[in-house]
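**Q** Pasting the sequence and the predicted model now:
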Amino acid sequence: MELVKVYKKGIIVLPKSVREKAGIEEGMLLEVTVEGNEVRLKPLDLWDRVWGCGKGRGSAEEAELELDKEEEGFWRGRSWRR
């Protein structure tokens, strides 16, 4: 079990071992759910949503907009490091 501290505005830092086990990388989106008093974080696979459009889970346009936003955030986050 890992412990994390909650900072101002609810910011937490996930330990490296947790990120590695969950496959979480910088710039990824996480889906947050609350079940009772538990908070669960799950990497969001937007490609699954794209493929799911054919199965009645949202429209292709919605999935494409989400992918565009994720890509924009990824590049915006990397630009300051150049």
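**A** Received, thanks.
**Q** unless I'm mixing things up, residue 5 is touching residue 12, no?
**A** Yes - if you go by CB atoms under 8 Å, residue 5 and residue 12 touch, sitting 7.2 Å apart. In this view, the C-beta of every residue, glycine as well, is placed from N, C-alpha and C.
**Q** These two: which is more packed in?
**A** For residue 5 versus residue 12, neighbours defined as other CB atoms under 10 Å are more numerous around residue 12 (10 against 7).
**Q** what residues are up against that one?
**A** Residue 12 is in contact with 4, 5, 6, counting by CB atoms under 8 Å, 6 or more residues apart in numbering.
**Q** One more pass at 6 Å, please.
**A** For residue 12, the contact set (CB atoms under 6 Å, 6 or more residues apart in numbering) comprises 4, 6.
**Q** Got the phi and psi for it?
**A** Per-residue torsions, residue 12: phi -130, psi 160 (degrees, to the nearest 10).
**Q** Equivalent analysis for residue 32, please.
**A** Torsion angles at residue 32 (phi, psi; degrees, to the nearest 10) stand at phi -110, psi 130.
**Q** Need the residue closest to the centroid of the protein.
**A** Geometric centre of the chain, nearest residue: residue 29, 1.7 Å, by CA atoms, centre = their mean.
**Q** all helices of the protein, in order?
**A** 16-22, 46-52, 60-79 (DSSP state H).
**Q** for the longest one, what is the average pLDDT?
**A** Taken as a whole, helix 60-79 has a mean pLDDT of 71.
**Q** Which residue ranges make up each domain of the protein?
**A** Using automatic domain parsing, the domain parsing of the chain gives 1-43, 45-82.
**Q** Return the most buried member of those domains.
**A** Greatest average neighbour count among these goes to domain 45-82 (a mean of 12), per mean count of other CB atoms under 10 Å.
**Q** mind showing which ranges of this structure have poor pLDDT?
**A** For the chain, the stretches with pLDDT under 70 are 46-60, 63, 77-82.
**Q** OK, contacts around the residue nearest to the centre of the chain?
**A** Counting by CB under 6 Å, 6+ apart, residue 29 touches 44, 70.
**Q** so what's the backbone phi/psi at it?
**A** phi -100, psi 140.
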